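S.K.: Please find the sequence and the predicted model below.
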Amino acid sequence: MTTESGRVSESPSAIAGPDAVPGATAGTPKDNQYSRRPGGDARNRTDPDSHRTGTPKHDLDILIVGAGLSGIGAAHHIQSAFPNRTYAILEARDAIGGTWDLFRYPGVRSDSDMHTLGYRFRPWTQAKAIADGPSILQYVRDTATDAGIDRHIRFGHRVTAASWSTEDTRWTVEAVHNGSPVRLTARFLYGCTGYYDYDNGHAPEFPGVEQFEGTVVHPQHWPADLDHTGKKVVVIGSGATAVTLVPAMAEQAGHVTMLQRSPTYIIAIPGEDAIANTLRRVLGPRRAYAITRWKNVALATLIYQLSRRRPRAVKSFIRKATASQLPPGYDLDTHFKPRYQPWDQRLCLVPDGDLFRSIRHGKSSVVTDTIDHFTRTGVRLASGAELDADIVVTATGLRLLAFGGIQVTVDDQPVKLPETMAYKGMMLSDIPNFVFTIGYTNASWTLKADLVSEYFVRILRHLDAHGYDEFVPTNNDPTVTDQPLMDFQAGYVLRAIHDFPRAGSRAPWRLGMSYANDVVNLRYGRVDDGVMRFSRRPAVVSSPAVP
Ligand SMILES: Cc1cc2nc3c(=O)[nH]c(=O)nc-3n(C[C@H](O)[C@H](O)[C@H](O)COP(=O)(O)OP(=O)(O)OC[C@H]3O[C@@H](n4cnc5c(N)ncnc54)[C@H](O)[C@@H]3O)c2cc1C
């Protein structure tokens with residue numbers, strides 16, 4: 001069936017229709033390259049594979065934006081599935097690793113276990129399950145170099161705009177490199193840009209900060225030469241970064257105070273996973289990794305589900321566990337009794353109870369109060385108390401940024417992200433040939449990142465099998481209502497979620513937060529689900545010659 005735009009919509013008859021080449025994939029190369037396209041003789045259409053014949057020079061099959069954990073993983077999946085397909089990674093920075101290269105504050109580490117934060121295809125083999133930042137960075141770099149992915153990265157390329165042309169079935173991606181514009185085209189665009197602004201963290205205005213004579217730092221821009229030995233340090237915040245920084249800085253600092261407006265749920269867990277380490281010795285790295293991964297997924301799911309269904313029981317459990325880590329008589333109600341329910345915000349994990357240990361040893365302390373203003377020597381609190389400080393760390397969080405700030409247009413129409421709806425949490429309504437990675441908020445990011453890549457590979461195979469060029473999720477169901485993309489109460493999410501795409505009230509538009517469900521749906525579910533539309537490039541048909 002030919003639609004108004006001349007595109008061939010998906011239906012069995014269309015597949016078998018005159019525009020189709022029976023057995024389209026038969027005889028195509030092993031990786032199903034787009035070297036042979038059903039839908040007509042290449043002579044009567046603009047050659048969509050002109051890059052294979054040498055022009056234009058910068059045309060690729062797939063363009064990935066971002067060389068962090070997700071971008072390197074995406075490249076690995078793509079080149080393993082389609083070794084002959086062309087791809088590049090555009091990376092704004094001059095390094096691989098994203099988050100794990102950017103953040104350099106003392107003690108930087110994961111707050112979820114590496115058996116689930118690691119890639120499915122590359123076992124994490126170190127003893128520590130909660131790993132330090134440099135080890136994670138090395139893991140990502142090793143993945144890239146071992147597979148030759150690093151040769152596909154174009155560093156220092158900040159992508160500013162991406163425009164889809166239906167006529168060309170192509171993305172034109174604009175980047176800035178050394179101050180000059182660069183333009184590439186690609187059939188598919190894969191956004192692995194993370195979820196926050198790399199240039200600036202969230203930095204609330206604190207009155208009087210200009211008169212403070214000490215040093216103020218944000219964890220996102222840690223000065224390499226900052227020496228905190230013997231210093232009085234105040235860390236503002238109580239999220240994952242603050243609870244990491246406090247015990248790490250307390251090792252050399254004179255004293256570290258964690259200044260929080262309100263408490264967070266914090267749980268001590270073993271830094272090493274004894275079961276994982278034993279399994280690795282007995283079964284070898286691959287089998288042990290697969291088992292440990294599922295064990296940890298099951299445990300995290302159990303804790304999450306219990307938190308949502310039995311919040312009182314979970315609160316009571318966390319309280320007892322916290323009390324057991326702190327000196328008798330410690331004021332838990334003031335400092336460790338959050339106002340929200342467990343998993344309304346991410347639980348903070350502290351390996352081997354390092355935060356609590358430093359509190360017990362008097363190296364650090366917690367103050368729950370609000371800042372009234374900065375003084376020359378520290379901060380004055382709303383209660384009237386004053387905290388002296390040489391260094392103040394504003395661990396006040398991230399500034400969310402959707403898709404690395406890339407301006408997206410489709411057929412010259414600018415896309416307003418809040419007017420789009422996320423499909424399976426990895427594509428956007430009415431935006432063709434575009435995939436993105438945003439990880440789970442209640443589990444390790446990479447669990448979802450791997451599934452997104454696997455699903456993208458399945459979509460590409462489906463396109464090949466049916467001779468399609470384009471996929472686009474389209475919501476034609478008026479009963480699907482919209483809702484925020486992330487149902488998460490953390491301040492950094494609430495501050496920016498209105499700039500993000502929306503989610504829908506039901507599948508496939510509802511953002512799934514269950515890895516097990518996503519495995520079933522994304523690894524095994526139907527690609528052709530009635531919501532995703534597939535089509536062929538419109539043929540440019542010349543008038544038949546008159547005999
Ligand atoms: C301190 C910290 C600790 C964390 N710990 C955990 C954890 O323990 N577990 C967990 O699951 N998650 C954690 N996260 C979330 C974390 O961001 C993800 O785990 C994961 O690292 C994200 O990988 P990514 O590649 O998707 O994004 P990022 O790591 O953010 O990488 C994105 C890359 O894209 C590039 N980029 C962005 N925009 C553009 C553009 N316009 N043009 C070109 N390049 C661009 C960036 O320069 C960057 O290199 C943590 C986050 C932080 C900040």
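M.R.: Received, thanks. Bear in mind the structure is a predicted one, so any value in this text is a computation, not a measurement. Numbers count the residues shown, from 1 in each chain.
S.K.: got any ranges where the stretch 351-500 of the chain has weak pLDDT?
M.R.: Residues of the stretch 351-500 of the chain that meet the criterion pLDDT under 70 lie in 488-489.
S.K.: where do the strands sit along it?
M.R.: In the stretch 351-500 of the chain, the strands defined using DSSP state E, counting those that start in this stretch lie at 364-368, 371-374, 378-381, 386-388, 391-394, 407-410, 413-414, 422-423, 427-428, 434-436, 470-473, 482-484.
S.K.: now swap in the stretch 201-350 of the chain and tell me
M.R.: With DSSP E, counting those that start in this stretch as the criterion, the stretch 201-350 of the chain has strands at 215-217, 232-236, 255-260, 266-269, 348-351.
S.K.: Quick one: mean pLDDT over the shortest one.
M.R.: Strand 215-217 comes out with an average pLDDT of 97.
S.K.: For the longest helix anywhere in the chain, what is the distance to the chain centroid?
M.R.: The helix that spans the most residues within the chain, counting by DSSP state H, is helix 285-309. Distance of helix 285-309 from its chain centroid, counting by CA atoms, centre = their mean, to the nearest Å, is 20 Å.
S.K.: Please identify the residues of the stretch 301-450 of the chain in proximity to the ligand?
M.R.: By the rule CB under 6 Å from any ligand atom, the part of the stretch 301-450 of the chain lying against the ligand is 404-406, 437, 439, 444-445. In short, each C-beta sits where N, CA and C put it, glycine included.
S.K.: Among those residues, which one sits closest to residue 518?
M.R.: Taking CB to CB as the measure, residue 518 lies nearest residue 439 of these, at 11.1 Å.
S.K.: Looking at strand pairing, list the partners for the nearest residue to residue 377 once chain neighbours are set aside.
M.R.: The shortest distance from residue 377 to any non-neighbouring residue, by CB to CB, 6 or more residues apart in numbering, is to residue 388 (5.5 Å). Counting by DSSP bridges, residue 388 forms beta bridges with residue 378.
S.K.: Of the residues of the stretch 301-450 of the chain next to the ligand, which is the most crowded?
M.R.: residue 437 (29 neighbours; other CB atoms under 10 Å).
S.K.: Assess the claim that the residue nearest to residue 377 and residue 233 are in contact.
M.R.: No - contact between residue 388 and residue 233 fails when scored by CB atoms under 8 Å: they sit 10.4 Å apart.
S.K.: Comparing the two, which residue is more hemmed in?
M.R.: Taking other CB under 10 Å, residue 388 and residue 233 do not tie; residue 233 has more neighbours (25 against 13).
S.K.: Pairing partners for the more buried one in the sheet, please.
M.R.: Here residue 233, judged by DSSP bridges, has bridge partners residue 256, residue 391.
S.K.: For it, give its distance to residue 247.
M.R.: 12 Å (CB to CB, to the nearest Å).
S.K.: And the helices in the chain, which stretches?
M.R.: Counting by DSSP H, the helices of the chain are 12-16, 69-81, 99-102, 114-117, 133-146, 240-250, 274-283, 285-309, 311-325, 332-335, 354-360, 445-466, 491-496, 515-518.
S.K.: what's the closest non-adjacent residue to the closest residue to the ligand within the stretch 251-400 of the chain?
M.R.: Distance from the ligand to each residue of the stretch 251-400 of the chain (CB to the nearest ligand atom) is smallest for residue 398, at 6.1 Å. Once flanking residues are discounted, residue 398 sits nearest to residue 196: 4.0 Å by CB to CB, 6+ apart.
S.K.: Residue 401 too?
M.R.: residue 197 is the one closest to residue 401 (CB to CB, 6+ apart), at 4.1 Å.
S.K.: can you check residue 58 too?
M.R.: residue 184 (4.2 Å).
S.K.: thought that neighbour was touching residue 64?
M.R.: No - when contacts are counted by CB under 8 Å, residue 184 is not listed as touching residue 64 (11.4 Å).
S.K.: quick one, which of the two is more surrounded?
M.R.: residue 64 (31 against 22).
S.K.: and that one, what is it in contact with?
M.R.: By CB atoms under 8 Å, 6 or more residues apart in numbering, the residues touching residue 64 are 71, 74-75, 78, 87-90, 190, 192.
S.K.: closest to residue 451 among those?
M.R.: Of all the contacts of residue 64, residue 74 has the smallest distance to residue 451: 11.4 Å, by CB to CB.
S.K.: surely the closest one meets residue 191?
M.R.: No - using CB under 8 Å, residue 74 is not in contact with residue 191; the gap is 9.5 Å.
S.K.: How about stretch 86-103, which residues are buried there?
M.R.: Using 16 or more other CB atoms under 10 Å as the test for burial, stretch 86-103 gives 86-93, 95-103.
S.K.: contacts with the ligand among those residues, please.
M.R.: 90-93, 98-99, 103.
S.K.: What is the nearest of these to residue 159?
M.R.: residue 90 (5.4 Å).
S.K.: List the contacts of the nearest residue to the closest one once chain neighbours are set aside.
M.R.: Leaving aside its chain neighbours, residue 90 sits nearest to residue 157 (4.2 Å; criterion: CB to CB, 6+ apart). Counting by CB under 8 Å, 6+ apart, residue 157 makes contact with 90-92, 175-177, 182.
S.K.: hmm, try it at 10 Å
M.R.: By CB atoms under 10 Å, 6 or more residues apart in numbering, the contact list for residue 157 reads 65, 67, 88-93, 173-178, 182, 184.
S.K.: Against residue 174, how distant is the closest residue to the ligand within the stretch 301-450 of the chain?
M.R.: With CB to the nearest ligand atom, the shortest gap between the stretch 301-450 of the chain and the ligand falls at residue 404, namely 2.3 Å. Noted for residue 404: a distance of 13 Å to residue 174, by CB to CB.
S.K.: Need the overlap of contacts for these two.
M.R.: With CB under 10 Å, 6+ apart, residue 404 and residue 174 have common neighbours 158-160.
S.K.: Just among those, which is most surrounded?
M.R.: residue 159 (25 neighbours).
S.K.: Name the nearest residue to residue 119, sequence neighbours excluded.
M.R.: Among residues not flanking residue 119 along the chain, residue 73 sits closest, at 5.3 Å (CB to CB, 6+ apart).
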